[in-house]
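Trainee: Next one to model:
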Amino acid sequence: MADPPTPLLWTLIVVVTALCLALVVAAQILASYSSAYMAAPREITTFIDAVDFSIQENESYDRDVARVQRLEDKMRLGRLLREIQSGGDDLREHLNRLLISEEGTALRTGARVLWAGHRRELEERIRRLDLLRMRFLTVYMGIIATSLSHRDKQAEKSAPKDPEKTGMSLKLGTPRPAIPRSLTDSLRKKPSLRRLTTSAIGHSEKTSPPHRVGWMGVVQELQRSPVMQRRHASIEQAMQSPPLSPLSSPTPLRPVSSPTPMRKTPKFLSDE
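Mentor: Numbering: from 1, shown residues only. This is a model prediction of the structure:
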């Protein structure tokens, strides 16, 4: 039996390999389209909500443009806003072509089968809308910051240049707050702090205020205190009194008498 030629064998191998690769690619495409077909009803509602949100955002952007005062800035923001509105309108028209009715969320059969391709296109449109919104917000915030800085510069120019005069005018212009009458009456009724402290530690009211301040004045105050004088007197009296006994008795100690020696008995009495 003769072997087949080598070129024919390689041709068969290449054809079989290409068919296998084509089947693998077709299986992947079929899997992606089938998963997109199953997720289409849920994802279409997300795109519809994004379009409705874009319409509401456009209304708020209109109010932001109306707040701008400069004509050049207003024209620039208006141009960006028109681009956002046109992008939202195109997205809405594309969704309406895919839906059975404009008010519902049911997709057409062909649109649902080819939902993987339509979803990619819708995502690109929404991404472009988001970029336009970010650009609009960036420009708007820059305009607001510029207007605030310009307003601050004008306020600094209109303010007086001499700060001393402004400080004097503020001091002269602001009157001092008056003390309430009830507070003054209560202060009059309260005794002075000096009288309270001297009566508490035993001083007499006739003591003259000390001329010295510091520790010397405190020592003199303590020496003039009647309490300290009585304490010194008691200490001196205790030092002059006789010493106490070991049992704390006030009587002085008496000398102990020596015992009397015993008398010897006479010899005749002892013999008896």
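
Trainee: show me where this protein has helices.
Mentor: Secondary structure of the chain by DSSP state H: the helices cover 6-67, 71-98, 109-113, 115-158, 163-173, 181-189, 193-200, 215-224, 226-240, 267-271.

Trainee: winner for burial among the ones you listed?
Mentor: helix 71-98 (a mean of 15; mean count of other Cβ atoms under 10 Å). Any C-beta I mention is one placed from the backbone N, CA and C, and that applies to glycine too.

Trainee: now for that one, which elements pack on it?
Mentor: Applying 3 or more Cβ pairs under 8 Å, 6 or more residues apart in numbering; DSSP states H and E, one finds that helix 71-98 contacts helix 6-67, helix 115-158.

Trainee: what mean pLDDT does stretch 6-19 have?
Mentor: Stretch 6-19 carries an average pLDDT of 87.

Trainee: wait, which of the helices and strands packed on helix 71-98 is closest to residue 106?
Mentor: Between residue 106 and the helices and strands packed on helix 71-98, the shortest separation by Cβ to Cβ is 7.8 Å, and it involves helix 6-67.

Trainee: coming back round to it: now tabulate the helices and strands packed on helix 71-98 in JSON lines and tack on distance to residue 81.
Mentor: Formatted as JSON lines, these follow (distance: least, Cβ to Cβ, whole Å):
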{"stretch": "helix 6-67", "distance to residue 81": "5"}
{"stretch": "helix 115-158", "distance to residue 81": "7"}
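
Trainee: Can you check which of the ones you listed gets nearest to residue 107?
Mentor: Relative to residue 107, the nearest member of the helices and strands packed on helix 71-98 by Cβ to Cβ is helix 6-67, separated by 5.6 Å.

Trainee: which other helices and strands contact that closest one?
Mentor: Counting contacts by 3+ Cβ pairs under 8 Å, 6+ apart, helix 6-67 is packed against helix 71-98, helix 109-113, helix 115-158.

Trainee: now these as CSV including distance to residue 220?
Mentor: Shown next, in CSV, are the helices and strands packed on helix 6-67 (distance: least, Cβ to Cβ, whole Å):
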stretch, distance to residue 220
helix 71-98, 81
helix 109-113, 107
helix 115-158, 62
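
Trainee: Which stretch among these approaches residue 6 most closely?
Mentor: Proximity to residue 6 (Cβ to Cβ) singles out helix 115-158 among these, at 43.4 Å.

Trainee: Tell me where the model's unsure across the stretch 51-200 of the chain.
Mentor: 159-200 (pLDDT under 70).

Trainee: 90 instead?
Mentor: 51-78, 85, 87-119, 140, 142-200 (pLDDT under 90).

Trainee: So residue 32 sits against residue 116, correct?
Mentor: Yes - using Cβ atoms under 8 Å, residue 32 is in contact with residue 116, at 5.7 Å.

Trainee: where's the nearest residue to residue 147 once chain neighbours are set aside relative to residue 151, distance?
Mentor: Once flanking residues are discounted, residue 147 sits nearest to residue 69: 7.3 Å by Cβ to Cβ, 6 or more residues apart in numbering. Residue 69 sits 11 Å away from residue 151 when distances are taken as Cβ to Cβ, to the nearest Å.

Trainee: repeat for residue 9
Mentor: Counting by Cβ to Cβ, the separation of residue 9 from residue 151 is 86 Å.

Trainee: go on, residue 112?
Mentor: As judged by Cβ to Cβ, residue 112 and residue 151 stand 56 Å apart.

Trainee: Kindly report the same for residue 41.
Mentor: To residue 151, residue 41 is 53 Å away according to Cβ to Cβ.

Trainee: and the gap between residue 82 and residue 114?
Mentor: Separation of residue 82 from residue 114 (Cβ to Cβ): 32 Å.

Trainee: While we're on residue 25, how confident is the model there?
Mentor: Note on residue 25: pLDDT of 92.

Trainee: swap in the one 3 residues further on?
Mentor: On pLDDT, residue 28 comes in at 91.

Trainee: One more: residue 248?
Mentor: 46.

Trainee: what residues are up against the closest residue to residue 33 other than its chain neighbours?
Mentor: Excluding the flanking residues, the one nearest residue 33 by Cβ to Cβ, 6+ apart is residue 116, at 5.2 Å. Going by Cβ atoms under 8 Å, 6 or more residues apart in numbering, residue 116 touches 32-33, 36.
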